[in-house]
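Visitor: What would the 3D arrangement of this be:
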Amino acid sequence: MRIAVFGTKPYDRQFLDAANAEFHHDLTYLEPRLEATTAVLADGFPAVCVFVNDVVDAEVLTRLAFGGTRLVALRCAGFNNVDLVAAAKHGIAVVRVPAYSPHAVAEFTIGLLLALDRNIPRAWARVRENNFALDGLIGRNLHGRVAGVVGTGRIGALVARTLKLGFGCDVLASDPVVDPALVAIGVRYLAMAELLAAAEIVTLHCPLTPITRHLIDAAAIATAPPR
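Guide: Numbering: from 1, shown residues only. Take a look at the predicted model:
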C-alpha cells in the first residue's frame, strides 16, 4: 500500500522503515504536517500516517477523500485531532496505536518530578558554564510529602504505586473509578477540590475531554494553599 507519512522526523523514518521491512508498504515521508494547505500532498495515496500535531478535521478529510485516501493511520494513541464523524461520512477508516507502555510514561513522570524537585535542569545549566554555586539548588525529599494523582488508570496507578511504595509519599487520588488495589496499599481517594487543597505535588493522568479541559484553572490553583 502507498502511504503518505506526514510530519516526519528522522526517528520516524528509522522505526517505520524497520517495522516495514516485514510488510513492504510503499512509504513516502513528508516533512510538513497534515493540514488544509498540505492535504493535496496525499493525492493518490490510499492511506496517510499522521501524528498528534496533524490536523485531521472535516475540511482536511474532505480533501483527502477527494484525492483517494481511504485510511488514516495515527502513530499515536490519542485521536482527538481527528473528526471521526467526517471520516465516517467520507468512508475513511481511522486506526491508532492501541496504547503506550504505561511503565515508560510513569517512569518518565517520576523522572520529571525528581528533576523539578531537585533543581537538576538549573544545576546542569550552571555546571556547563563552570558555575558550581549551590544557591537556589537545594531540593526537597519526596519521602513523607503529600502527592496527588489525578486519574488512576494504568499510568496513573503506576505513578501512585511508585510514589507510595518507592518514595514513601502520602498519596491522594481523584478518579471517578476507585482502584481497590491502590486503596489496599493506602492510597486515599478524595474529591478533586479536597486533593488540591491537601497535596504538595499534583500529577495529571487523564485524557483531554470536555470534562477535563481546563481541569487546572485559576479557581483550581486558588484552592491550593500557598507553599
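Visitor: Would you map the helices across the chain?
Guide: 10-20, 58-66, 84-89, 102-117, 120-128, 154-161, 180-184, 192-198, 218-223 (DSSP state H).
Visitor: The third one: how far from the chain's middle?
Guide: The one in question is helix 84-89. Mean-position distance between helix 84-89 and its chain equals 24 Å (Cα atoms, centre = their mean, to the nearest Å).
Visitor: Show me which positions of that helix end up buried.
Guide: Buried residues in helix 84-89, defined by neighbour count with 16 or more other Cβ atoms under 10 Å: A86, A87. C-beta here means a position set from N, CA and C on the backbone, and glycine is covered the same way.
Visitor: Flag every buried residue along the lowest-mean-pLDDT helix or strand in the chain.
Guide: Least confident helix or strand, the chain: helix 218-223 with a mean of 90, by mean pLDDT, DSSP states H and E. For helix 218-223, the neighbour count (16+ other Cβ under 10 Å) marks no residue as buried.
Visitor: Of the helices of the chain, flag the one that's most buried.
Guide: Counting by mean count of other Cβ atoms under 10 Å, helix 154-161 has the highest mean neighbour count of those, with a mean of 22.
Visitor: list the contacts for the closest residue to A123 other than its chain neighbours?
Guide: Once flanking residues are discounted, A123 sits nearest to L137: 5.2 Å by Cβ to Cβ, 6 or more residues apart in numbering. Contacts for L137 (Cβ atoms under 8 Å, 6 or more residues apart in numbering) come out as N119, R122, A123, R126.
Visitor: Tell me if I'm right that the second one and D135 touch.
Guide: No. The pair R122 / D135 is not scored as a contact, 10.2 Å apart, by Cβ atoms under 8 Å.
Visitor: before we move on, back to that, which residues does the least confident helix or strand of the chain contact?
Guide: In contact with helix 218-223 (Cβ under 8 Å, 6+ apart) are residues M192, A193, L196, A197.
Visitor: Okay, the second one and V52: tell me how far apart.
Guide: If you measure A193 against V52 using Cβ to Cβ, to the nearest Å, the figure is 30 Å.
Visitor: Dump the helices of the chain into a markdown table; add distance to F45 as well.
Guide: Below are the helices of the chain laid out as a markdown table (distance: least, Cβ to Cβ, whole Å):
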| stretch | distance to F45 |
| --- | --- |
| helix 10-20 | 15 |
| helix 58-66 | 9 |
| helix 84-89 | 16 |
| helix 102-117 | 31 |
| helix 120-128 | 41 |
| helix 154-161 | 34 |
| helix 180-184 | 45 |
| helix 192-198 | 44 |
| helix 218-223 | 44 |
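Visitor: out of those helices, which comes closest to R2?
Guide: helix 10-20 (12.2 Å; Cβ to Cβ).
Visitor: Could I have the CA atoms of the closest one written out in CSV?
Guide: Backbone C-alpha positions of helix 10-20 (Å, rounded to 0.1, in the frame of the first residue of the first chain) are rendered in CSV as follows:
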residue,chain,number,x,y,z
PRO,A,10,14.4,11.3,11.5
TYR,A,11,13.4,8.9,14.2
ASP,A,12,10.1,8.2,12.5
ARG,A,13,11.9,7.0,9.4
GLN,A,14,14.2,4.8,11.5
PHE,A,15,11.4,3.0,13.3
LEU,A,16,8.9,2.9,10.4
ASP,A,17,11.5,1.5,8.0
ALA,A,18,12.4,-1.2,10.5
ALA,A,19,8.8,-2.1,11.0
ASN,A,20,8.0,-2.0,7.3
